[in-house]
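Chemist: Dropping a prediction and its sequence here:
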There are 2 protein chains.
Amino acid sequence: MKEIQFTCPAPLAASDRVLLAHGGGGKLTQQLIEKVFLPAFRSPALEARHDGGVVQAGGVRLAMTTDAYVVHPLFFPGGSIGELAVYGTVNDLAMCGARPLYLTAAFILEEGLPMETLRRVTEAAAEAARRAGVMLVAGDTKVVDKGKGDGLFVATAGVGSIEASNSIGPASVQPGDVILLSGDLGAHGVAILSVREGLEFESPILSDTAPLWEPVEALLQAGVEIHCLRDLTRGGLASALNEIASARGVGMRIEEALIPVSEPVRGACEILGLDPLYVANEGRFAAFVPASQAGAALEAMRRVTVSSGAVAIGEVTPEPPGVVTLRSRIGGSRVVDMLSGEQLPRIC
Amino acid sequence: MKEIQFTCPAPLAASDRVLLAHGGGGKLTQQLIEKVFLPAFRSPALEARHDGGVVQAGGVRLAMTTDAYVVHPLFFPGGSIGELAVYGTVNDLAMCGARPLYLTAAFILEEGLPMETLRRVTEAAAEAARRAGVMLVAGDTKVVDKGKGDGLFVATAGVGSIEASNSIGPASVQPGDVILLSGDLGAHGVAILSVREGLEFESPILSDTAPLWEPVEALLQAGVEIHCLRDLTRGGLASALNEIASARGVGMRIEEALIPVSEPVRGACEILGLDPLYVANEGRFAAFVPASQAGAALEAMRRVTVSSGAVAIGEVTPEPPGVVTLRSRIGGSRVVDMLSGEQLPRIC
């Protein structure tokens, strides 16, 4: 007679499987980087925890970066995966103080994708590359069986030449630095979600997707000593500030009343239950500059269309390390944590 | 009364939808490049139709390349998607005569992927990077919903410094050049297919996945004037030779009896109905060199383990343009065309 066995299957710990939130840019993404990627690939460029790696080639300082794009839907008000794939990578280079020069693109297509869709995405990407002044120099296409992909994914990588003389990155941030924000928050995330949820607004909310080298170049030309730059993609402003505060071991204090959010975006966020501080942007960045140069920096940024709404929103404090505090409109203070879980999967 | 309409739906032309063969490295891949990507992204680097783009940055000549990897299964005899993703990109740089320096990796994970799988792939990629002497300097991870991906895809991009003094690429190929092959064909394709089909051989056939900069460096150090290099991945030797013959407008003549295929691979190809000339390799390349330097080139290649089986297999002819001819063992001649359709989807 066969022995009967009673087994009680232990529930899988969250970290045994990949969750959507591992790609959300918040806490689980950080854990994945710290527990899987960094231990395997130790390199000074990775350990700087910046938007791109800074490398040397033949005596020239270059920035190099990559991003995969899985946004759903492929087309949304104000753009498509084609613009995102170019501007996203261009912007990561710009955030290193590097002039974007060259791009590569690797497409993963699902069998059955209409050729017309591929053509539209490709043309959007090519137009975006022209606008951003970068050249596509290599590409690849793979096709996976129907049902094993989702239409079209693309990964781009970029190389840029570093034009900043000082080192731009979390390590250069100093207590006393002023935190500048290049414009209003949340349009990209709300544009994506409005399509997914079938919401219609009186005037459609367009994604803010845009290239950001121009305002960075303006800052450099104005002689501003930029300490750190970060574009506010997945996880939004809140996650970006937390990443830098935690990497540098400083505190940050920001003022809710100073953070611009357009009325339509604010309204949509209320309906959708989103906090604009965590919503993804694709054409907004934060800059950390010495207090003495904040005025000149704002002036330089405001001269460029994409950052014409630039404002100062707060400052870097010595304490408490790794903590971002928000002073609310009614005067109270609360800690703004890194995004935990996943607010909006497949936003970029 | 409603008018009755008789409509006869026209069948979709093959080019209206993406087919698996568009990713197979053969005719449809070439069509996709010519009809969709090149018209959108015109750039001299792309138009050279080589394995990577050659660019200038601060007076330094760099090669830049990218590939997406969608191989199925993720692990196979002799390697995994981790090694492929590193060596595949490293080899495209080597084929430009460039020493591979830096890599980026963008992962697209399917929700629910076991974290252990990701860890094993990451460790394989990190070990491969160490072996190939390249540093991973930037990465990204996106997660797609369960059922919208297939476990794990990865796209890598690479930058290398060009060490060849002359221009390596299809444009440099000359009638009279000798075609060298770095070793026996077909092991990677057969290794993948044996897992998919559940075939067991007396001794398992291992993928040939390996980094190829070492033999290229050996050629350069031996002072060989390399005209063109091409690794024999998707579409195999036949497609690679056809691409170059067609890009340069020359003919090629190769000898079947001179092309090494191991006995186990030959046997497996017979069972599986594959032609080894079209089977993908991940650690083999063809080199085009002046006839006067073929001896020195073979000697240099044979000193390196990965290309110890190097042989001369034929030559470049002025006519007929774009046509590759094979002289068979029994003395007849046949045209070896580019792969049409898809022999083995998702081989890399």
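Modeler: Cool, the structure landed.

Chemist: Not counting residues beside it along the chain, what's closest to A:Val304?
Modeler: Spatial nearest neighbour of A:Val304, excluding adjacent residues (CB to CB, 6 or more residues apart in numbering or on different chains): A:Pro215 at 4.5 Å. Heads up, the C-betas are built off the backbone N, CA and C, glycines and all.

Chemist: OK, contacts around that neighbour?
Modeler: For A:Pro215, the contact set (CB atoms under 8 Å, 6 or more residues apart in numbering or on different chains) comprises A:Ser182, A:Phe285, A:Ala300, A:Met301, A:Val304, A:Val306, A:Ser307, A:Ala310.

Chemist: Closest one of the residues you listed to chain B?
Modeler: A:Phe285 (17.5 Å; CB to the nearest CB).

Chemist: ok, the closest one touching A:Leu232?
Modeler: Yes. Applying CB atoms under 8 Å, one finds A:Phe285 in contact with A:Leu232, separated by 6.2 Å.

Chemist: Beyond the longest strand anywhere in chain A, next helix or strand please.
Modeler: Across chain A, the longest stretch assigned as strand under DSSP state E is strand A:98-110. Per DSSP states H and E, the first helix or strand lying C-terminal to strand A:98-110 is helix A:115-132.

Chemist: If we go by neighbour counts, what in that following helix is buried?
Modeler: Neighbour counts over helix A:115-132 (16 or more other CB atoms under 10 Å in any protein chain shown) mark A:115, A:117-118, A:120-126, A:128-129, A:132 as buried.

Chemist: Would you point out the helix or strand in chain A whose mean pLDDT is lowest?
Modeler: Within chain A, no helix or strand scores below helix A:44-47, which has a mean of 86 by mean pLDDT, DSSP states H and E.

Chemist: I'd like to know which elements that helix is packed against.
Modeler: For helix A:44-47, the elements it packs on are strand A:53-57, strand B:135-144, judged by 3 or more CB pairs under 8 Å, 6 or more residues apart in numbering or on different chains; DSSP states H and E.

Chemist: what mean pLDDT does the longest one have?
Modeler: Right, the one you point to is strand B:135-144. Mean pLDDT, computed over strand B:135-144, is 96.

Chemist: which helices and strands sit right next to that strand?
Modeler: Strand B:135-144 packs on helix A:44-47, strand A:53-57, strand A:60-69, strand A:152-162, strand B:98-110, helix B:115-132, going by 3+ CB pairs under 8 Å, 6+ apart.

Chemist: Tell me how far the shortest one lies from the chain's centre.
Modeler: Meaning helix A:44-47. Distance of helix A:44-47 from the chain centroid (CA atoms, centre = their mean, to the nearest Å) equals 18 Å.

Chemist: Not counting residues beside it along the chain, what's closest to the residue nearest to the spatial centre of chain A?
Modeler: For chain A, the residue nearest the mean C-alpha position is A:Thr233 (2.5 Å; CA atoms, centre = their mean). Ranked by CB to CB, 6+ apart and with sequence neighbours excluded, the top spatial neighbour of A:Thr233 is A:Ala280, at 5.3 Å.

Chemist: mind listing the helices for chain A?
Modeler: Assigned by DSSP state H, chain A shows helices spanning A:27-32, A:38-41, A:44-47, A:81-94, A:115-132, A:187-196, A:213-221, A:236-248, A:263-272, A:294-302.

Chemist: what's the closest of those to B:Pro321?
Modeler: Closest approach to B:Pro321 among the helices of chain A (CB to CB): helix A:115-132, 29.2 Å.
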